[in-house]
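Participant: Got a sequence here, can you model it:
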Amino acid sequence: MKKKQQTLINLAYSNSKYFGKHVIILDGEIYAAKTGNQASKLLEKLMRKNPAETPILTYIPKTDALILILR
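Facilitator: Purely as a prediction, here's the structure:
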């Protein structure tokens, strides 16, 4: 992973405006969508625009979200 991509990922996880959203990082930009369907449509649009780039997709949980680990 490139250093700029890692910087953008860190920025997305630390910025509260991305909490609870699906995030796509592509071509040095951060794009956010509220739902999975919106993220899917946005990804299709971005991939048509930048077919040679590989996107990074993630979901940024809300700060009060709990993660259950089963053992």
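Participant: Need the distance between the two termini of stretch 32-39.
Facilitator: Stretch 32-39 has an end-to-end distance of 7 Å (criterion: C-alpha to C-alpha, to the nearest Å).
Participant: In this protein, where's the longest helix?
Facilitator: Longest helix in the chain by number of residues (criterion: DSSP state H): helix 36-49.
Participant: so how far is that helix off the chain centroid?
Facilitator: 12 Å (C-alpha atoms, centre = their mean, to the nearest Å).
Participant: Buried ones in the next helix or strand after it, by neighbour count?
Facilitator: The first helix or strand that comes after helix 36-49 along the chain, using DSSP states H and E, is strand 56-60. For strand 56-60, the buried set under the neighbour-count rule, 16 or more other C-beta atoms under 10 Å, comprises 56, 60. To be clear about C-beta, it is placed using only N, CA and C from the backbone, and glycine gets the same treatment.
Participant: swap in stretch 36-43?
Facilitator: For stretch 36-43, a neighbour-count test (16+ other C-beta under 10 Å) marks 39, 42, 43 as buried.
Participant: Run through who's touching that stretch.
Facilitator: 22, 24, 31, 33, 55, 57 (C-beta atoms under 8 Å, 6 or more residues apart in numbering).
Participant: what does stretch 11-26 give?
Facilitator: The set of residues that contact stretch 11-26 without belonging to it, under C-beta under 8 Å, 6+ apart, is 5, 8-9, 30-36, 38-39, 42-43, 46, 50, 53, 55-63.
Participant: can you give me phi and psi for residue 32?
Facilitator: phi -130, psi 150 (degrees, to the nearest 10).
Participant: wait, what's in contact with it?
Facilitator: The contact partners of residue 32, taken as C-beta under 8 Å, 6+ apart, are 17, 18, 21, 22, 23, 24.
Participant: And what about the fifth one, helix, strand or coil?
Facilitator: For residue 23, the secondary-structure state derived from DSSP: H, G, I helix; E, B strand; the rest coil is strand.
Participant: Residue ranges in this protein under the pLDDT threshold?
Facilitator: 1, 65-66 (pLDDT under 70).
Participant: Who does the residue minimising distance to the centre of the chain form a beta bridge with?
Facilitator: The chain has residue 23 as the residue nearest its centroid, 2.0 Å off, counting by C-alpha atoms, centre = their mean. When bridges are taken as DSSP bridges, the partners of residue 23 come out as residue 32, residue 58.
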